[in-house]
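Colleague: A structural model of the following input is requested.
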Amino acid sequence: MNGFEHTLSKQIELAYFVPLLAGHGGNTGGQTVGTILTALSSKTIHPKKDALRVISKEAMSGLTVGLLLGSVVAPTAHYVMGISAHVSTVLACTLPLLSTIAATLASSIPLMCVALGLDPTVISAPAMTTFVDVTGLLSYFLIANAVFRLYGLEL
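Modeller: Next up, the predicted model:
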């Protein structure tokens, strides 16, 4: 977040939603990892044969959840909490992307672990959390910079 300190200092409202985004990404990814590990242990899916199908289904599920959440959170933040339109727009754009990233990574990591001969139950959750937190915050601030430029705001 240090690289985006300037953005945060100009638009402090962005900081309000960092815990929401980190929590949502972790929850989405955690649920997906659990689902994939259960399917692998019960042999419902085959790591090599079903990988693309499973990852794409989970990504679409993440996108759907993100779109639903974004369509509720962004207007609520703006109309109920009084958050500016540009920050609400950032939320509406970030939540679907974050959910998709979380679900995609969380379904990919256990399958990659199996393919590499590693234990997915030990590696998947910590790796997913780290990657999702980093990519989620990076996406949030990059989207914020782009949206602020569209609104004509200086950063």
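Colleague: Tell me which residue lies nearest the centroid of the protein.
Modeller: L98 (2.3 Å; CA atoms, centre = their mean).
Colleague: hang on, isn't it packed against I143?
Modeller: No - using CB atoms under 8 Å, L98 is not in contact with I143; the gap is 9.6 Å. No exception for glycine: its C-beta is placed from N, CA and C like everyone else's.
Colleague: where do the contact lists of the two overlap?
Modeller: Counting by CB atoms under 8 Å, 6 or more residues apart in numbering, L98 and I143 have no common neighbour.
Colleague: burial measure for S42, as a count.
Modeller: Applying other CB atoms under 10 Å, we find 8 residues neighbouring S42.
Colleague: actually H6, sorry about that
Modeller: Neighbours around H6, by other CB under 10 Å: 11.
Colleague: which element is it on?
Modeller: If you go by DSSP states H and E, H6 is part of helix 5-10.
Colleague: and whichever helix or strand comes after that helix, how far from the chain's centre?
Modeller: Once helix 5-10 ends, the next helix or strand along the chain (criterion: DSSP H and E) is helix 13-16. The chain centre lies 17 Å from the centre of helix 13-16; the measure is CA atoms, centre = their mean, to the nearest Å.
Colleague: What average pLDDT does helix 13-16 get?
Modeller: Across helix 13-16, pLDDT averages out at 94.
Colleague: Need the pLDDT of the nearest residue to G66 once chain neighbours are set aside.
Modeller: Nearest in space to G66, with sequence neighbours left out and distances taken as CB to CB, 6 or more residues apart in numbering, is S99 at 3.0 Å. In this model, S99 is scored at 97, pLDDT.
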